[in-house]
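> Using only what follows, build the 3D model:
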Amino acid sequence: METFISNWLTLVVVFTIALASPGPDFVMAVRNSVLFSRRAGIFTAIGFGLAVAIHVSYCLAGLAILISQSIVLFNILKWIGAAYLMYVGYKALKSKGYEAPQNMDGSVDVYMSPLKALQSGFITNLFNPKATLFFLALFTQIIDPHLSLMEKVALGVTCMVMTTLWFSIVATVLTTPAIRARFLKASKWIDRVCGGLFIALGAKLAFTKLN
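Okay, the predicted model is just below:
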């Protein structure tokens, strides 16, 4: 039990640092939250969490080692992820902003379906090969290999919950009425900045090499 607690605390510290680091997930969370709604941001966070569950599952099954050692599989993930980010970036760059109808209280609504928000979060995280390598390192270098399967599953669930919770908090903070109203006034430029970041992140991902 002491080993599990020690590994759990280590995972929480390492994963907190990883979550706070800027990347495709963070940009997607900010864009969907600010330009659409708190609900869209939260469903995007759920999408991230579900993708993390997939990463953890294949790491526990040993498939992550196969992916990390296969140039073909690694490149397939890499190019799918890069193409998706660049596509989202291109669409964002073409944005002319959002002129949503105002509510009675003066706030604005711009709609993004929960399914589409969840899908955007899921795809962004799932097809990032860096996430594959991160979880592989996490479960082979940091986590004690002698832990039971259920203890490793508990650690995986911790990663899933932390991811969903962190990006839900981001969505909640960014969608407070005063903050969101200011961001929406500059929605065209926010979308273009996010679009540029998506394209840059996609290009960076495309040139990622398997060490």
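> Can you tell me how far the residue nearest the centre of the chain is from Lys94?
The centre of the chain sits closest to Asp25, judged by Cα atoms, centre = their mean, with a distance of 3.0 Å. If you measure Asp25 against Lys94 using Cβ to Cβ, to the nearest Å, the figure is 23 Å. Just so you know, the C-beta spots here come from the backbone N, C-alpha and C atoms, and that holds for glycine as well.
> again, but for Trp79
Look at Trp79 and Lys94: by Cβ to Cβ, they are 23 Å apart.
> So which of the two has more stuff around it?
Trp79 (15 against 10; other Cβ atoms under 10 Å).
> With adjacent residues omitted, what lies nearest to the more buried one?
Among residues not flanking Trp79 along the chain, Ala206 sits closest, at 6.8 Å (Cβ to Cβ, 6 or more residues apart in numbering).
> The one you found touches Tyr84, doesn't it?
No. Using Cβ atoms under 8 Å, Ala206 is not in contact with Tyr84; the gap is 11.3 Å.
> more crowded one of those two?
Tyr84 (20 against 15).
> hang on, that one in a helix?
Yes. Under DSSP: H, G, I helix; E, B strand; the rest coil, Tyr84 falls within a helix.
> For the remainder of this discussion, apply numbering that starts at 123.
OK, 123 is where the count begins now, so the last one is Tyr206.
> Can you point out the helix or strand that includes the residue nearest to the centre of the chain?
helix 146-157 (DSSP states H and E).
> How about residues contacting that helix?
Identification of contacts with helix 146-157 by Cβ atoms under 8 Å, 6 or more residues apart in numbering yields 162-163, 166-167, 170, 203, 207, 210, 214, 220, 232, 234, 239, 242-243, 246-247, 250, 289, 292-293, 296-297, 302, 305-306, 309, 312-313, 316, 319-320, 323, 327.
> That's all I had, so thanks and see you.
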